[in-house]
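Participant: A structural model of the following input is requested.
(one chain, ligands or ions: 1)
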Amino acid sequence: MGSAQQVLQTLLSGSVPNNEFASQPSALNATSASAAGPQSLLTFLFSFSSSFHDWIKLAILGAILEFARRTWAAAWAAFLASFFITAHFDGEDECYDWLMVFLSKKSSWKKANEVQVSTRNWSSSNRYQNDDQDIVIMDDPSGDLPMKGRTLSFLPSFGNTTTMFYKGRLLRVTRDRTQAAVGTEYVESLTLSILGRDQSILRELLLEAQTLHKSQEQNRVAIYIADNFSRLNMWRRRGAKARRPMSSIILDHEIKDTILEDARDFLRSSSWYADRGIPFRRGYLLHGSPGSGKTSLIHAIAGALNLDIYVVSLSKPGINDTTLNSLLCDLPSRSIALIEDIDAAFTRSINRDPPPMAHPGGLEHSGDMFRGGAGVTLSGLLNAIDGIYAQEGRILFATTNRYDVLDPALIRPGRLDMHFEFQPASSWQAREIFRCFYPASDSGSSEKLVSVEERDSLATSFSALVPEHLLSMASLQGYLVRYKTQPNEAAANIAKFVEAEKRKQERYPIDWRLGKDTSVALAAPRDS
Ligand SMILES: Nc1ncnc2c1ncn2[C@@H]1O[C@H](COP(=O)(O)OP(=O)(O)OP(=O)(O)O)[C@@H](O)[C@H]1O
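Facilitator: Numbers count the residues shown, from 1 in each chain. Have a look, this model is predicted:
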């Protein structure tokens, strides 16, 4: 010990034993020091040979132990692997969600020493944000921890391996979480090892998990959004919405039935398209006034056709030609792709029309149109929609409030085959939304507010006071929500509401045919 201290002191003081060199010129010093250095170090080492040998022995012993540990771990893993079928599941993959639902139903967690307790609903709501509206209560395995509106799920905790049984087979479950390469999010993964050599047991388990997940997803439409941040260019499930009945969309039957039937027919016609060499894709453009039911109709159609919706916003930072293309290529074949506000892509680069430089303040005013931000070009968007790699079998919906600014190449048949205009509420729509809000006492509804005759006569007087195509359906809905249980008051006060809305529109003129602000002509109006 004493000798080790000596060595340390000598090294720290930086002195070289031979002090004679100190008085020599510096060049000589350097040469001599370099020659003397290794020699003096060896002298030191051998002068304390017994402790040096001890250190060497310790180091070798440590290395042997570490080697033995690793070899044992590898051998054990290989041994286990030879008896188990092991499957890995990526947290971003859909089947991860199936398995989490499946595992949350297992009673084994009651006995586990370490579990993750979660109020998150794995079956239908999104994983990163709870949405009360979408919650389907899951079984509480403990049976004694009721939560207000939610129940607790017991799940595998991160970094642990839990053993349980599946159909009499030993099942080892390991759940892990690692920091994503990009961003600050964590990437989850699950590893299942089942005792046995036959893969059919794994398939059975997956099928059971999928069926369970599906049973909880019934009557729901799954929504995926483009996630170009955490793991590049992928669709991320954001949740599932209850299906919206088509009858709840109050629209001209010509619009809603035409789209629904056309889409249904399209899904049945893959061989027809193949025989004629036509790309098996269909696109619909819904344009017109804000709050007129474009998005709601798409949700209702997705529910009616049992399709999921994949939403991409072209104005989202990080979306460019490449990301858009790979996202649209990565769509499942029977799905709805929704490009909301497709006009948002009209940056300077994408619009063929020159920006309205001459207009005083024009560029400023229409800044969201011409200022950069979205990295999608027109050719990139056209390619993504119907390029050589574009996904077949998908239905594309695009919505916009600014039909007039869309490039003709974008909206030509083959890309967006059918165009539908949505207008502010007609009197007929006003009447129908009133009838929807107040189910009559003899309609079988539990809310017994008014009789059919009363309700219908109130609806007629209500709609008579709503001018044609002045108010949006969204604003009428907002008004009626204020009188949820008061149909008489709703009918009595509508005139005041209409007047207030008229005044608002006079003060802030909005013409959705031309854009948000009528003082700026964004492009030459197209005949619609
Ligand atoms: N035709 C309609 N029938 C029933 N409800 C409607 C209708 N139009 C709008 N609504 C209601 O108004 C709200 C907004 O509708 P939605 O988001 O579908 O409008 P939008 O046309 O997509 O609007 P935006 O162009 O601003 O995105 C929803 O809550 C919806 O229930």
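
Participant: for the helix or strand where residue 479 lies, packing partners?
Facilitator: Using DSSP states H and E, residue 479 falls within helix 473-482. Packed against helix 473-482 by the contact rule (3 or more CB pairs under 8 Å, 6 or more residues apart in numbering; DSSP states H and E) you find helix 427-437, helix 487-507. C-betas here are computed from N, CA, C, even on glycine.

Participant: Pull out the CA atoms of it and give them to me as PDB.
Facilitator: What follows is helix 473-482, C-alpha atoms only, in PDB (Å, rounded to 0.1, in the frame of the first residue of the first chain):
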ATOM      1  CA  MET A 473     -74.700  24.000 -40.000                       C
ATOM      2  CA  ALA A 474     -72.000  24.200 -37.300                       C
ATOM      3  CA  SER A 475     -73.300  27.500 -36.100                       C
ATOM      4  CA  LEU A 476     -76.900  26.200 -36.000                       C
ATOM      5  CA  GLN A 477     -75.700  23.200 -34.100                       C
ATOM      6  CA  GLY A 478     -73.900  25.500 -31.700                       C
ATOM      7  CA  TYR A 479     -77.100  27.600 -31.200                       C
ATOM      8  CA  LEU A 480     -79.200  24.500 -30.600                       C
ATOM      9  CA  VAL A 481     -76.800  23.100 -28.100                       C
ATOM     10  CA  ARG A 482     -77.600  26.100 -25.900                       C
END
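
Participant: the inter-axis angle of it versus helix 487-507?
Facilitator: Counting by axes from the mean of the first three to the mean of the last three CA atoms, to 10 degrees, helix 473-482 lies at 140 degrees to helix 487-507.

Participant: List the buried residues in helix 473-482.
Facilitator: Neighbour counts using 16 or more other CB atoms under 10 Å place 473, 474, 475, 476, 477, 479, 480 of helix 473-482 among the buried residues.

Participant: angle of that helix against helix 427-437?
Facilitator: Counting by the same axes, to 10 degrees, helix 473-482 lies at 40 degrees to helix 427-437.

Participant: So for helix 473-482, mean pLDDT?
Facilitator: Helix 473-482 shows a mean pLDDT of 96.

Participant: hmm, that helix in reach of the ligand?
Facilitator: Yes. Using CB under 6 Å from any ligand atom, helix 473-482 reaches the ligand at 473, 474, 477.

Participant: how near is the second one to residue 186?
Facilitator: I take that to be residue 474. Distance of residue 474 to residue 186, computed by CB to CB, to the nearest Å: 38 Å.

Participant: With the first one instead?
Facilitator: Using CB to CB, one obtains 42 Å as the distance from residue 473 to residue 186.

Participant: So this structure: which segments form each domain?
Facilitator: Using automatic domain parsing, the domains assigned to the chain come out as 84-218, 234-422, 427-507.

Participant: Can you check the distance spanned by the last one, start to finish?
Facilitator: Okay, so that is domain 427-507. For domain 427-507, the first-to-last residue distance is 24 Å (CA to CA, to the nearest Å).

Participant: chain center to that domain, what's the gap?
Facilitator: Distance of domain 427-507 from the chain centroid (CA atoms, centre = their mean, to the nearest Å) equals 36 Å.

Participant: now the strands for the protein?
Facilitator: Using DSSP state E, the strands found in the chain span residues 84-90, 115-118, 153-156, 160-166, 169-179, 186-195, 220-227, 234-242, 282-288, 309-313, 336-340, 395-400, 418-422.

Participant: Out of those strands, which is closest to residue 207?
Facilitator: Closest to residue 207 of the strands of the chain, according to CB to CB: strand 160-166, at 12.3 Å.

Participant: Pull out the buried positions in the closest one.
Facilitator: For strand 160-166, a neighbour-count test (16+ other CB under 10 Å) marks 162, 164, 166 as buried.

Participant: same check, this time on stretch 80-89
Facilitator: Those buried within stretch 80-89 under the rule 16+ other CB under 10 Å are 84, 85, 87, 89.

Participant: So what pairs up with the last one in the strands?
Facilitator: Residue 89 has these beta-bridge partners by DSSP bridges: residue 190.

Participant: I figured it was touching residue 187, is that so?
Facilitator: No. At 11.7 Å, residue 89 does not count as touching residue 187 under the criterion of CB atoms under 8 Å.

Participant: on that earlier part again, and the buried residues of stretch 80-89 near the ligand, which?
Facilitator: Okay, of those, nothing touches the ligand (CB under 6 Å from any ligand atom).

Participant: Can I get the residues you listed in a markdown table including pLDDT?
Facilitator: Shown next, in a markdown table, are the buried residues of stretch 80-89 (pLDDT from 0 to 100):
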| residue | pLDDT |
| --- | --- |
| 84 | 86 |
| 85 | 88 |
| 87 | 91 |
| 89 | 91 |
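
Participant: Return the member of those nearest to the ligand.
Facilitator: Ranked by distance to the ligand (CB to the nearest ligand atom), these are led by residue 89 at 35.2 Å.

Participant: Spell out which residues of the chain are next to the ligand.
Facilitator: Contact residues (CB under 6 Å from any ligand atom) of the chain with the ligand: 249-251, 290-296, 399, 401, 422, 473-474, 477.

Participant: and the closest residue to residue 461 other than its chain neighbours, how many residues sit next to it?
Facilitator: Among residues not flanking residue 461 along the chain, residue 491 sits closest, at 5.5 Å (CB to CB, 6 or more residues apart in numbering). Neighbour count of residue 491, defined by other CB atoms under 10 Å: 22.

Participant: Next up, the contacts around residue 491.
Facilitator: Taking CB atoms under 8 Å, 6 or more residues apart in numbering, we find residue 491 in contact with 434, 458, 459, 461, 462.

Participant: confidence score at the closest residue to residue 88 other than its chain neighbours?
Facilitator: Spatially, and ignoring its direct neighbours in sequence, residue 88 is nearest to residue 191 (5.2 Å; CB to CB, 6+ apart). pLDDT recorded at residue 191 is 91.

Participant: who are the neighbours in contact with residue 191?
Facilitator: Contact partners of residue 191, counting by CB under 8 Å, 6+ apart, are 86, 87, 88, 89, 172, 173, 174, 175, 176.

Participant: next one: phi and psi at the closest residue to the ligand within the stretch 301-450 of the chain?
Facilitator: Nearest residue of the stretch 301-450 of the chain to the ligand (CB to the nearest ligand atom) works out as residue 401 at 5.2 Å. As for residue 401, its main-chain torsions (degrees, to the nearest 10) stand at phi -100, psi 0.

Participant: quick one on the thing from earlier: can you list the buried residues of stretch 80-89 in a markdown table and add distance to residue 314?
Facilitator: Shown next, in a markdown table, are the buried residues of stretch 80-89 (distance: CB to CB, whole Å):
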| residue | distance to residue 314 |
| --- | --- |
| 84 | 47 |
| 85 | 44 |
| 87 | 37 |
| 89 | 32 |
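
Participant: Look at the closest residue to the ligand within the stretch 251-400 of the chain and say how many residues are nearby.
Facilitator: Nearest residue of the stretch 251-400 of the chain to the ligand (CB to the nearest ligand atom) works out as residue 293 at 2.8 Å. For residue 293, the neighbour count with other CB under 10 Å is 25.
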